[in-house]
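> got a predicted structure plus its sequence, pasted below:
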Amino acid sequence: MEIGQLYQGLTFLAYATGIIVILVGIMLIKVLFDLSKLTANINKTTDIINEELVPTLKNVNKSVEIVSGIIIKTNAGVNKVKEFISKSPLKILTKLSSMSGTIAKGFFGGLCAGLKIFGKKK
């Protein structure tokens, strides 16, 4: 009886192993199929991005060139204004602000000193 039970147990084990191998095979085929679909979708996505990215980069490049040109022209204009001011009598106005600050400081310093001297009690 023991050998019969042993054969029955081995037969059950063989059937169970076959079923598990079939289930694992089916799941593996499903995973490979999903992976294939994912790869196709990634390929389509990269194609779309490539088609859209090239014109966008061209537009950005063109915009950078335009802004660069504007900056160069503005810089040239500012340099012309600086040269004009340095060659014209308006140069005095640029020095006037620094001189007025020095003069104002000296005036108020002297005024405070004078008030201290005359404000002393004897």
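Yep, it's here. Numbering: from 1, shown residues only.

> and the strand or helix carrying Thr102, average pLDDT?
If you go by DSSP states H and E, Thr102 is part of helix 91-118. The pLDDT scores in helix 91-118 average 70.

> mind checking the SS state of the residue minimising distance to the centre of the chain?
Closest to where the C-alpha atoms of the chain average out (C-alpha atoms, centre = their mean) is Val60, at 14.8 Å. Of the three states, Val60 takes helix according to DSSP: H, G, I helix; E, B strand; the rest coil.

> just the one 5 residues further on next, same as before
Taking three-state DSSP as the rule, one finds Glu65 in the helix state.

> point out where the chain drops to low pLDDT.
1, 88-101, 120-122 (pLDDT under 70).

> off-centre distance for stretch 21-28?
With C-alpha atoms, centre = their mean, to the nearest Å as the basis, stretch 21-28 stands 47 Å off its chain's centre.

> no no, stretch 78-87
With C-alpha atoms, centre = their mean, you get 37 Å for stretch 78-87.

> ok, and for that stretch, which residues are buried?
For stretch 78-87, a neighbour-count test (16 or more other C-beta atoms under 10 Å) marks nothing as buried. Just so you know, the C-beta spots here come from the backbone N, C-alpha and C atoms, and that holds for glycine as well.

> with stretch 32-47 instead?
For stretch 32-47, using 16+ other C-beta under 10 Å, no residue counts as buried.

> need the contact partners of it.
Contacting residues not belonging to stretch 32-47 are not present [C-beta atoms under 8 Å, 6 or more residues apart in numbering].
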